[in-house]
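Enquirer: give me the fold of what follows.
(2 chains)
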Amino acid sequence: KAGVTQTPRYLIKTRGQQVTLSCSPISGHRSVSWYQQTPGQGLQFLFEYFSETQRNKGNFPGRFSGRQFSNSRSEMNVSTLELGDSALYLCASRSGTSDNEQFFGPGTRLTVL
Amino acid sequence: AQSVTQLDSQVPVFEEASVELRCNYSSSVSVYLFWYVQYPNQGLQLLLKYLSGSTLVKGINGFEAEFNKSQTSFHLRKPSVHISDTAEYFCAVTRMDSSYKLIFGSGTRLLVRP
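Expert: Predicted structure coming up:
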């Protein structure tokens, strides 16, 4: 069974631009969560989608948004990029039932110049 | 709210030595506990998890952890480390009623020297 895939792996943008990151969960998994990893703040929960609905959101500004498609693939969008948005963005998938284990993708490294 | 504390930011050890990475958590509700490992330029890989039952949990790559409810700790141990164990290790918790949201500690970098 293929693991979680994230595209692109690396991205360079400039301040003020917007960016879209993509995540394909493990086949059959219905829950996708996003995390931001930075040296200063560590790993922080962004949001979780289940069956195309956002179920919970972390403490991030409205510039961070996401969506999930009917095939469970998820996208995350960041608008009006700031230097502080430079981070590794990790996607995790979960079956969404009683399973509590999250499987992580390799991440997308975003650099904002 | 839940929080996780990893007191050691870096732990240097020699190859074949034993190691313990410390993790303490705080929560007013019952939680699940996890240890993840992150190798350079990679995502997170689950080492082991505690859900219920025996407080000694065995994971992959020879790692084990012990859940201590009274001390709210979940320390990770390995009796003999290898160079390939050099990585960042993260302790994490989730509420039992909302296991989609992992709360992570700040991480411990394990540096194994020959």
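Enquirer: and after the lowest-mean-pLDDT helix or strand in chain B, which helix or strand comes next?
Expert: One helix or strand of chain B scores below all others by mean pLDDT, DSSP states H and E: strand B:98-104, with a mean of 83. As assigned by DSSP states H and E, the chain's next helix or strand after strand B:98-104 is strand B:108-113.
Enquirer: ok so, going back, quick one: the least confident helix or strand of chain B to chain centroid distance?
Expert: On the basis of C-alpha atoms, centre = their mean, to the nearest Å, strand B:98-104 sits 15 Å off its chain's mean C-alpha point.
Enquirer: what comes up buried for it?
Expert: Within strand B:98-104, the residues scored as buried using 16 or more other C-beta atoms under 10 Å in any protein chain shown are B:99-104. All C-beta spots, glycine's among them, are computed from the backbone N, C-alpha and C.
Enquirer: and stretch A:104-113, by the same measure?
Expert: Here stretch A:104-113 shows A:104-110, A:112 as buried, counting by 16+ other C-beta under 10 Å.
Enquirer: now stretch B:41-49
Expert: Here stretch B:41-49 shows B:43-44, B:46-49 as buried, counting by 16+ other C-beta under 10 Å.
Enquirer: go on, stretch A:14-25?
Expert: A:19, A:21, A:23-25.
Enquirer: got any ranges where chain A has weak pLDDT?
Expert: A:1, A:96-99 (pLDDT under 70).
Enquirer: just checking, residue B:17 touches residue B:81?
Expert: Yes. Counting by C-beta atoms under 8 Å, residue B:17 does reach residue B:81; the two are 6.3 Å apart.
Enquirer: which of the helices or strands spans the most centrally placed residue in chain A?
Expert: Central residue of chain A (C-alpha atoms, centre = their mean): residue A:34, 3.4 Å from the mean position. Using DSSP H and E, residue A:34 maps to strand A:31-38.
Enquirer: got the CA positions of that strand in PDB?
Expert: Taking Å, rounded to 0.1, in the frame of the first residue of the first chain, the C-alpha atoms of strand A:31-38 are listed here in PDB:
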ATOM      1  CA  SER A  31      -8.900  11.900   7.500                       C
ATOM      2  CA  VAL A  32      -6.100  14.300   6.600                       C
ATOM      3  CA  SER A  33      -4.400  16.600   9.100                       C
ATOM      4  CA  TRP A  34      -1.800  19.300   8.300                       C
ATOM      5  CA  TYR A  35       1.100  20.400  10.600                       C
ATOM      6  CA  GLN A  36       3.600  23.200  10.300                       C
ATOM      7  CA  GLN A  37       7.200  22.500  11.500                       C
ATOM      8  CA  THR A  38       9.500  25.400  12.200                       C
END
